[in-house]
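> Below are the sequence and a predicted model for it; my questions follow.
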Amino acid sequence: MNERLDMECRGERKSPIFNNSRWVAVIGPVVSAVALLGCGASDSPPSAQPKPKAAVQAEKNEVRIQPASARMLDIEPVADPQGIQMAWAPARVAFKEDRVTAVSVPVAARVQTIEAHVGDVVKQGDVLATLVSSDALRTRHEMAAALTAQDVASAEVRRQQTMVDKGVGVDVELRAAQARQREATQELNRARGTAALLGGGAGDKLVVRAPRAGVVAERKAMLGGAVEPGAELFSVGDPQGLNLVAEVFETDMPGIRKGSAVQVVVPQLPKPLTGKVLHLGATLDKDSRRVNVIVNLDVQDAALRPGMQARVGIQVSNQNQMLIPVTAVLIKDESRSVVYVQREEGLFEARAIELGQPARGLVPVISGLKPGEKIVVRGGMLLDGAAAQLL
């Protein structure tokens, strides 16, 4: 066998089997391989040629990758703690609370005519609608009766005073007349106050007028419809007195302060507006888990209309926390939070860090990172196949 291999190495073939073409096709490669292994086997073993990999383990907790593979990663430096982030929330345009007035009537009535509609610009005192009411008729009758009673009581006081002055009257009767006069005056004042609430009109007519100049923002009055006491018929607001009501998630509320700067994006406007937080809501909606935040605009835009939808970005104070994107954090061993820190070109270190509560796509770093260090914010799982998931 050794002699045959030596002959094969020298290119000599003596065995008849190698003259058969069929056997040469089948066994030839095998024999050739064995011959090649035998040839020079005593010199040195062949060097291993590993398959190229995108990521190669350099040392413990370190990974080295090829430059072409690095282009698949998003790498950003850890920013210095700024203490300010933007919390975005949906919002709607609305009248300021003190710049809109509801119009109603204090008695039951029925709508007879309607003179104003939503969007109409009105002046103070303009007629909005006319109603009829039997309660209004009774109220005005009571005022007229109180006025007559007061006149009679005043006349009786004058008569008793004249009699006392002439020496034919009795002082106790004068005092009784004066008491009845006071009662009549009080009743007249009450009746006048009640009638004044009815507004304009006479008899059973109620004339509803605009309490202020502005635009009719809402109309609930229906022609011929019955109206309950106190029911709102119209609302009139000042078009130059608008603000925004933002619905902010409860997780963003701790960082929002009165006076915080706000950016307002309205789809109908070509550029964003600016404003400041005016009030913070005191209650939380149990279903949406949101709180109403009132935003005062720095400049009123004539194109704004109550009810328009908008988005607001409110500056949120994070108490100088160092924040990184949640996409940078990998979870290993179901408990450890890890980020990949770039040590040099193509070399990355898997570093365990301690984190706070994530919000708005960012998570505060309690320990483990320093400002200026470069971390992989996207693509970290390409470096670490053992990572179970992203944060």
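Arrived safely.
> Quick check, central residue of this structure?
residue 89 (1.9 Å; C-alpha atoms, centre = their mean).
> Do you know the pLDDT at it?
Here, the pLDDT recorded for residue 89 equals 93.
> can you check residue 317 too?
Residue 317 carries a pLDDT value of 69.
> Chain neighbours aside, what residue packs nearest to residue 370?
residue 78 (6.9 Å; C-beta to C-beta, 6 or more residues apart in numbering). C-beta here means a position set from N, CA and C on the backbone, and glycine is covered the same way.
> Check whether that neighbour really touches residue 376, as I assumed.
No: under the criterion of C-beta atoms under 8 Å, residue 78 makes no contact with residue 376, lying 11.5 Å away.
> The two: which is more packed in?
A direct count of neighbours by other C-beta atoms under 10 Å for residue 78 and residue 376 places residue 376 higher, at 23 against 20.
> Strands along the stretch 101-250 of the chain, start to end?
Secondary structure of the stretch 101-250 of the chain (DSSP state E, counting those that start in this stretch): strands located at 109-114, 121-122, 127-132, 205-209, 214-219, 226-227, 232-237, 242-249.
> could those strands go into CSV alongside mean neighbour count, mean pLDDT and distance to residue 168?
Putting the strands of the stretch 101-250 of the chain into CSV (neighbours: other C-beta atoms under 10 Å; pLDDT from 0 to 100; distance: least, C-beta to C-beta, whole Å) gives the following:
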stretch, mean neighbour count, mean pLDDT, distance to residue 168
strand 109-114, 19, 96, 53
strand 121-122, 16, 94, 62
strand 127-132, 20, 95, 53
strand 205-209, 21, 93, 49
strand 214-219, 20, 92, 64
strand 226-227, 17, 94, 57
strand 232-237, 22, 94, 59
strand 242-249, 21, 93, 72
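> how about JSON lines for those strands, with distance to residue 275 added?
Formatted as JSON lines, these follow (distance: least, C-beta to C-beta, whole Å):
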{"stretch": "strand 109-114", "distance to residue 275": "36"}
{"stretch": "strand 121-122", "distance to residue 275": "25"}
{"stretch": "strand 127-132", "distance to residue 275": "32"}
{"stretch": "strand 205-209", "distance to residue 275": "33"}
{"stretch": "strand 214-219", "distance to residue 275": "20"}
{"stretch": "strand 226-227", "distance to residue 275": "38"}
{"stretch": "strand 232-237", "distance to residue 275": "18"}
{"stretch": "strand 242-249", "distance to residue 275": "7"}
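> can you list the domains in the chain?
2-38, 62-82+321-390, 87-98+237-317, 134-203 (automatic domain parsing).
> per-residue pLDDT, the residue nearest to residue 370?
pLDDT, residue 78: 88.
> go on, residue 120?
pLDDT at residue 120 comes out at 92.
> That one: neighbour count?
So residue 120, with other C-beta under 10 Å, has 16 neighbours.
> I'd say it and residue 214 touch.
No: between residue 120 and residue 214 there is no contact under C-beta under 8 Å: 9.8 Å.
> what touches both of those two?
Common neighbours of residue 120 and residue 214, counting by C-beta atoms under 8 Å, 6 or more residues apart in numbering, are absent.
> related to what we said a few turns ago, what about the residue nearest to the centre of the chain, which helix or strand?
Secondary structure assignment for residue 89, by DSSP states H and E: strand 84-95.
> So residue 142 is in contact with residue 193, correct?
No: the pair residue 142 / residue 193 is not scored as a contact, 11.3 Å apart, by C-beta under 8 Å.
> which intervals of the stretch 201-350 of the chain have sub-threshold pLDDT?
Across the stretch 201-350 of the chain, the ranges flagged by pLDDT under 70 are 317-320.
> tell me, how many neighbours does residue 330 end up with?
22.
> Go ahead and confirm it touches residue 339.
Yes: counting by C-beta under 8 Å, residue 330 sits close enough to residue 339 to count as a contact (7.1 Å).
> what residues do those two have in common as contacts?
Residues within reach of residue 330 and of residue 339 at once, by C-beta under 8 Å, 6+ apart, are residue 380.
> Many thanks, I have nothing further to ask.
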